[in-house]
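**Student:** let's see this in three dimensions:
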Amino acid sequence: QVQLAESGGGLVQAGGSLRLSCAASRRTIINFAMGWFRQAPGKEREFVAVINWSGTTYYADSVKGRFTISRDNDKNTVYLQMNSLKPEDTAVYYCAADRTQNAVVRGPSSWGQGTQVTVSS
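**Tutor:** Here you go, the predicted model:
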């Protein structure tokens, strides 16, 4: 497992941007797929984006074209750049990790503690 710590959440107006960061405790995350999930009040946690070791990415339809996931293996960090934010993007955002992209999407073994993102209209 990997210990993960998110940062970068906050309050932003609709149409604005935020960049979330997720720092991993392992010496290297190069062999791990990394992802982001979110959970809005009263809703189930949902998949947002995933990136595998080679940089291949996959996004939920709701964020495609607005969000970009990236990774810096030298810094053991994964990022989520969020542009054109909408009020419906308001949620707690969680970083996740597992050995494969499919494992992350289906239910990762490692989770961060979450960071709040609030988008005002």
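**Student:** quick one, helices of this protein?
**Tutor:** For the chain, the helices defined by DSSP state H cover 101-106.
**Student:** you'd agree residue 13 is up against residue 90?
**Tutor:** No. Contact criterion CB atoms under 8 Å: residue 13 and residue 90 do not qualify, at 11.8 Å. Yep, even glycine has a C-beta here, placed from its N, CA and C like the rest.
**Student:** surely residue 3 meets residue 23?
**Tutor:** No. Residue 3 is beyond contact range of residue 23, at 9.1 Å (criterion: CB under 8 Å).
**Student:** tell me which residue is most central in this structure.
**Tutor:** Taking CA atoms, centre = their mean, the centroid of the chain lies closest to residue 36, which sits 2.5 Å from it.
**Student:** and the gap between that residue and residue 121?
**Tutor:** Distance, residue 36 to residue 121, by CB to CB, to the nearest Å: 23 Å.
**Student:** residue 25 too?
**Tutor:** If you go by CB to CB, the gap between residue 25 and residue 121 works out to 37 Å.
**Student:** who's more crowded, those two?
**Tutor:** Set residue 25 next to residue 121 and count neighbours by other CB atoms under 10 Å: residue 25 wins out with 12 against 9.
**Student:** before I go, just wanted to say thanks for your time.
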